[in-house]
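[1] Have a look at this prediction, sequence included:
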Amino acid sequence: MAISWRYNFKVIGGSFQGAVRGSCVTQWFDHDDPSGRGDFEVLQNLQKEYPDQICSTPTACEVETISGIPASNSEDNIQQCSISTGFTCINAEQKNGSCEDYRVRFICPESFCSCKTQWFDRDDPSGNGDYEDLVNLRKENAGKICSNPTACEVETTEGVPASRTGDIVSECSLSTGFACVNAEQKDQSCQDYRIRFTCPRSFCSKKTQWFDRDDPVGNGDFEDLENLRKEYPGQICDNPIACEVQTVSNQSASSTGDVIPECSALTGFTCVNKEQKFKLCEDYKIRFTCP
């Protein structure tokens, strides 16, 4: 997959190593290639080109060539990736006058990896009060609330936060939801409230169908995003956040033994026949995760 949403990283000088809890890593971004003056993977430009896919204040970043070689092993004369500016490689500073083609990804706070549900208003303050309790919310909104919310918010149906209404209410609970009891209020009546929850980002994303536009005759199996969009117009979102590849018989790509690059949410997937031991790729299919 091209994205992983819950990671644990040891951060060293703006780069990351190893797995650690509490952060998330974006997909790989390849904004530029080394034609012209060099390869410029500038954070400001990446954030414009990929809105909402990079947090405003990354805590670390990583660079490698598009073939998967870490920048530190490329022999290019380059600076480390910067969490404030991104990464650049200048052609004129290289021995052979040309940089490798690089891609970059960033580490973001775990809060960036979260998403919010819709607002739910299952009750009003008639009777004993306003009960936006999680048990009933789940029954009435099947599949719309994650199993383990990380936060919740409550406000009136007019958008006033519960803490500012003057009602005597307990804080929203991740395990039970929210309740306002009429008898506990000065005027014996609660405001009308609504509630929403914060969930892992993966809960709020959706997967496309599986696509199999090619088979491994000729040069190989090319499940590239450009051609997939042409053949399946309107069925793949503008900015996928991840992708998966497996064989048409549902075997994972990593277990086939084929020499293949990782699936890219930006470009899709290819398997080249001549790069394989038996000069023939498996037949693959691909699907994408959309925001």
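    That came through, no problem.
[2] Report the residue ranges of every domain in the chain.
    Here the domain parsing of the chain from automatic domain parsing is 4-113, 117-201, 206-290.
[3] Check the ones you listed for me: which has the lowest mean pLDDT.
    Ranked by mean pLDDT, the domains of the chain bottom out at domain 4-113, which scores a mean of 81.
[4] Residue 271 and residue 208: what is the separation?
    20 Å (C-beta to C-beta, to the nearest Å). No exception for glycine: its C-beta is placed from N, CA and C like everyone else's.
[5] If you count surrounding residues, which of these two has more?
    Counted by other C-beta atoms under 10 Å, residue 271 and residue 208 do not tie: residue 271 has more neighbours, with 25 against 18.
[6] Helix or strand: which one has residue 105?
    strand 102-109 (DSSP states H and E).
[7] next SSE after that strand?
    Downstream of strand 102-109 (by DSSP H and E), the next one is strand 114-116.
[8] ok now that next one, how far from the chain's centre?
    11 Å (C-alpha atoms, centre = their mean, to the nearest Å).
[9] Need the residues that contact whatever helix or strand comes next after that strand.
    As assigned by DSSP H and E, the chain's next helix or strand after strand 114-116 is strand 129-133. Here strand 129-133 makes contact (C-beta atoms under 8 Å, 6 or more residues apart in numbering) with 120-124, 154, 176-183, 190-195.
[10] next one: strand 129-133 to chain centre, how far?
    Counting by C-alpha atoms, centre = their mean, strand 129-133 comes out at 33 Å from the chain centroid.
[11] and if you look at stretch 195-202?
    14 Å.
[12] Repeat that for stretch 203-223.
    Using C-alpha atoms, centre = their mean, the offset of stretch 203-223 from its chain centre is 19 Å.
[13] what about that stretch, start to end distance?
    From its first residue to its last, stretch 203-223 covers 26 Å (C-alpha to C-alpha, to the nearest Å).
[14] residue closest to the middle of this protein?
    residue 241 (4.8 Å; C-alpha atoms, centre = their mean).
[15] What ranges does the stretch 51-200 of the chain have for its strands?
    For the stretch 51-200 of the chain, strands defined by DSSP state E, counting those that start in this stretch occupy the ranges 60-65, 86-90, 102-109, 114-116, 129-133, 151-156, 177-181, 193-200.
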